[in-house]
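>>> build me a structure from this.
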Amino acid sequence: MKRIELLSPAGNFESLKFAVQNGADAVYLGLNKFSARASSDNFDIEKLKQAISYAHPRGVLVYVAINTLLDDNDLENAIELAKMADMLHADAFIVQDLGLARMLKKHVKAPLHASTQMTVYNEEGARLLKDLGFSRCILSRELSLDEIVTICSKNIMEMEVFCHGAICISYSGQCLLSSAIGGRSGNKGQCAQPCRLMYSVLRNGKEVSKRAYRISPGDLMTLPYLAQLVNTGITSLKIEGRLKSPQYTGIVTAKYRKALDIIQNREIEEYPTQKDMEDLSVIFSRGRFTSYHHFEKMPFVDITFSSSGHIGLECGEILKVKIFKTKGKRNSPDIFELKVKLSSPVSKGDGIAIENTEDGGKVNSIKTESHKTILSADAGDTVILNLAGRLKNNVRSGMHIYKTHDEQLSSEINQKMQKENRKVPVSVHAGIKQGSPVIITMSDGKYEVSASGNLVVEKALNRAVNADDVTRQMSKLGGTVFELDYITVDIDENIFVPMSELANIRRELVEKLMEKRTEGAI
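Model (predicted):
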């Protein structure tokens, strides 16, 4: 089975790091102009250089999105921006504007990927893009699995599909509602997301149905049928979310990395687990996930009528409400207790929301029915949650609560970021001969670099340096992306070389190999 690329969003540098450290094969990002996610932090040229210098040494590709439609007076600036990104060794450009694509073929070396905003949904569209010089097509999100199989079977070019995240209620790239309502074009990176607003239904000028989020779909989530999606013949799986938090990027990337590895290595292991599904709901969910149009037309129930934002994971039913009067500052949070029957674990520090309200808060403490204080409770437990937050509505027994933040999950992903998770194995050969400078080479299997010492190796007057000493010094790669996998040492007997000399050579080798991996093909 060919290896499928996992492509993660990077709305800022922190999100890029979370994507890389949690298993992304590639990241996509926007520059500070001409990006379809203009409201994300995005990257200027200096930040792009920093991003590529971080991603490439760890074996991760960086795709730059210049994926808005351009006015004629934008074209020159867009080309210059792309040329600067190309000089920094960007791995591809994601493009919507065909005029820009034609010009980029003349000015940049990196390949072109056709944005999903192009709404390519059949073989003919893909062939046209191939003729225009594109090497990859990001297929329209509205396609079924069967339609994806049909297009991929023609082997026209690489095909990329979305596997997780927000979806468009219309056709990607064809929705003009934001322009019509507010003069903000989604094809200019300024979508106001009117699909996430409340609407009434009128008949003959009279309201016949109350205001609700009538055109706000739940997010796409393909984890339960990921093997089917992988087997369509695609090249890349794309996670949506450049406007989401770094923690979102890290957690979603980690879940799909785990599942992809199980599928591609043909491992006998359950996926997704119940915890995988719950974690995805907690980090961001509009109340339910959808398979969109992958199997049939999107079910009506996948519209999230009660809310268009993050709802989280349903975790219990309210049995009793107790309100405490807040004292002190005017803007102090409400303090209240909810006696609940849990359907999912809850811990101190978790965020809780109450269904169909804007009420909820942070869990200050948890007590059993016998009033014993505990740090966490499991599904099936009846507990008393003390919360600090907001309680303005008529919250009553029978209503459900949702977990919108998982303190333990957040702590785990942040702790994971404290270490380097993308180590690159290297082999080293050291030649240490009396009367000559030390010569050492280091290789990652693709690139090889060499460095020589400044001192001539001398006969030892006291303790001689041996192969074990050299190995220990070359193994000191902490704080770098490299780890020593294999070393050979060709060393004369009874010789001396300062450990500082070996350390300087090691640092030079690391610097050279980092430079090679940053500037070269991955």
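>>> only the buried residues of stretch 170-189, if you could.
Under the neighbour-count criterion of 16 or more other CB atoms under 10 Å, stretch 170-189 has Ser172, Gly173, Cys175, Leu177, Ser178, Ser179, Arg184, Ser185, Gly186, Asn187, Lys188, Gly189 buried. In this view, the C-beta of every residue, glycine as well, is placed from N, C-alpha and C.
>>> helices and strands around whichever strand or helix holds Ile79, which ones?
Ile79 belongs to helix 75-87 when assigned by DSSP states H and E. Applying 3 or more CB pairs under 8 Å, 6 or more residues apart in numbering; DSSP states H and E, one finds that helix 75-87 makes contact with helix 45-55, strand 61-66, strand 92-95, helix 98-107.
>>> could you dump that helix to CSV, C-alpha only?
What follows is helix 75-87, C-alpha atoms only, in CSV (Å, rounded to 0.1, in the frame of the first residue of the first chain):
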residue,chain,number,x,y,z
LEU,A,75,-1.2,39.9,-9.8
GLU,A,76,2.2,41.4,-9.6
ASN,A,77,2.3,41.5,-5.8
ALA,A,78,1.1,37.8,-5.7
ILE,A,79,3.8,36.7,-8.1
GLU,A,80,6.5,38.5,-6.1
LEU,A,81,5.3,37.0,-2.9
ALA,A,82,5.3,33.5,-4.5
LYS,A,83,8.9,34.1,-5.8
MET,A,84,10.1,34.9,-2.3
ALA,A,85,8.4,31.8,-0.9
ASP,A,86,9.9,29.7,-3.7
MET,A,87,13.4,31.0,-2.8
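>>> among the buried residues of stretch 170-189, which two are most distant?
Ser172 and Arg184 (16.4 Å; CB to CB).
>>> check the gap between the closest residue in space to Met499 that isn't next to it in sequence and Leu145 for me.
Counting by CB to CB, 6 or more residues apart in numbering, Met499 lies nearest to Gln473, which is 5.9 Å off, once chain neighbours are set aside. From Gln473 over to Leu145 the distance is 54 Å, taken as CB to CB, to the nearest Å.
>>> got the buried residues for the biggest helix by length in the chain?
Across the chain, the longest stretch assigned as helix under DSSP state H is helix 499-519. In terms of neighbour count (16+ other CB under 10 Å), helix 499-519 has its buried residues at 501-502, 504-506, 508-510, 512-514, 516-518.
>>> returning to what we had before: for the residue nearest to Met499, helix, strand, or coil?
helix (DSSP: H, G, I helix; E, B strand; the rest coil).
>>> not counting sequence-adjacent ones, nearest residue to the residue of the chain most remote from its centre?
The C-alpha centroid of the chain is most remote from Leu461, which lies 56.6 Å away (CA atoms, centre = their mean). Once flanking residues are discounted, Leu461 sits nearest to Phe496: 7.0 Å by CB to CB, 6+ apart.
>>> tell me the confidence at the residue nearest to Met499?
At Gln473, the pLDDT value in this model is 98.
>>> and Lys329, by the same measure?
Looking at Lys329, the pLDDT reads 61.
>>> other SSEs contacting the lengthiest strand in the chain?
If you go by DSSP state E, the chain has its longest strand at strand 313-324. With contacts taken as 3+ CB pairs under 8 Å, 6+ apart, strand 313-324 sits against helix 274-283, strand 334-342, strand 400-405.
>>> pull the residues that contact that strand.
278, 281-282, 285, 334-346, 352, 354-355, 382, 391, 395-403 (CB atoms under 8 Å, 6 or more residues apart in numbering).
>>> just the buried ones from those residues, in PyMOL syntax?
Restricted to buried positions by 16+ other CB under 10 Å, the PyMOL selection for the contacts of strand 313-324 reads:
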select buried, resi 278+281+282+285+334+335+336+337+338+339+340+342+343+344+345+346+352+354+355+391+395+399+401+402+403
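>>> circling back: CSV for the buried residues of stretch 170-189, including pLDDT and secondary structure?
Below are the buried residues of stretch 170-189 laid out as CSV (pLDDT from 0 to 100; DSSP: H, G, I helix; E, B strand; the rest coil):
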residue, pLDDT, secondary structure
Ser172, 82, coil
Gly173, 84, coil
Cys175, 87, coil
Leu177, 88, helix
Ser178, 87, helix
Ser179, 88, helix
Arg184, 85, coil
Ser185, 83, coil
Gly186, 81, helix
Asn187, 82, helix
Lys188, 81, helix
Gly189, 79, coil
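>>> mind showing which ranges of this structure have poor pLDDT?
36-40, 325-330 (pLDDT under 70).
>>> 80 instead?
1, 35-41, 182, 189, 300-301, 325-332, 521-522 (pLDDT under 80).
>>> got the domain ranges for it?
Split into domains by automatic domain parsing, the chain comes to 5-169+217-302, 313-416, 424-519.
>>> do you have the strands of the stretch 401-522 of the chain handy? List them.
Applying DSSP state E, counting those that start in this stretch to the stretch 401-522 of the chain gives strands spanning 424-432, 437-443, 448-456, 458-459, 482-491, 495-496.
>>> reformat those strands as JSON lines; add distance to Val363.
What follows is the strands of the stretch 401-522 of the chain, written out as JSON lines (distance: least, CB to CB, whole Å):
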{"stretch": "strand 424-432", "distance to Val363": "41"}
{"stretch": "strand 437-443", "distance to Val363": "50"}
{"stretch": "strand 448-456", "distance to Val363": "53"}
{"stretch": "strand 458-459", "distance to Val363": "67"}
{"stretch": "strand 482-491", "distance to Val363": "40"}
{"stretch": "strand 495-496", "distance to Val363": "63"}
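>>> can you list those strands in JSON lines and add mean neighbour count and distance to Cys315?
Formatted as JSON lines, the strands of the stretch 401-522 of the chain follow (neighbours: other CB atoms under 10 Å; distance: least, CB to CB, whole Å):
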{"stretch": "strand 424-432", "mean neighbour count": "20", "distance to Cys315": "41"}
{"stretch": "strand 437-443", "mean neighbour count": "20", "distance to Cys315": "51"}
{"stretch": "strand 448-456", "mean neighbour count": "15", "distance to Cys315": "53"}
{"stretch": "strand 458-459", "mean neighbour count": "12", "distance to Cys315": "70"}
{"stretch": "strand 482-491", "mean neighbour count": "16", "distance to Cys315": "41"}
{"stretch": "strand 495-496", "mean neighbour count": "17", "distance to Cys315": "66"}
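>>> could the buried residues of stretch 170-189 go into TSV alongside distance to Asn12?
TSV is the format used below for the buried residues of stretch 170-189 (distance: CB to CB, whole Å):
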residue	distance to Asn12
Ser172	23
Gly173	24
Cys175	26
Leu177	28
Ser178	23
Ser179	27
Arg184	22
Ser185	23
Gly186	21
Asn187	23
Lys188	21
Gly189	16
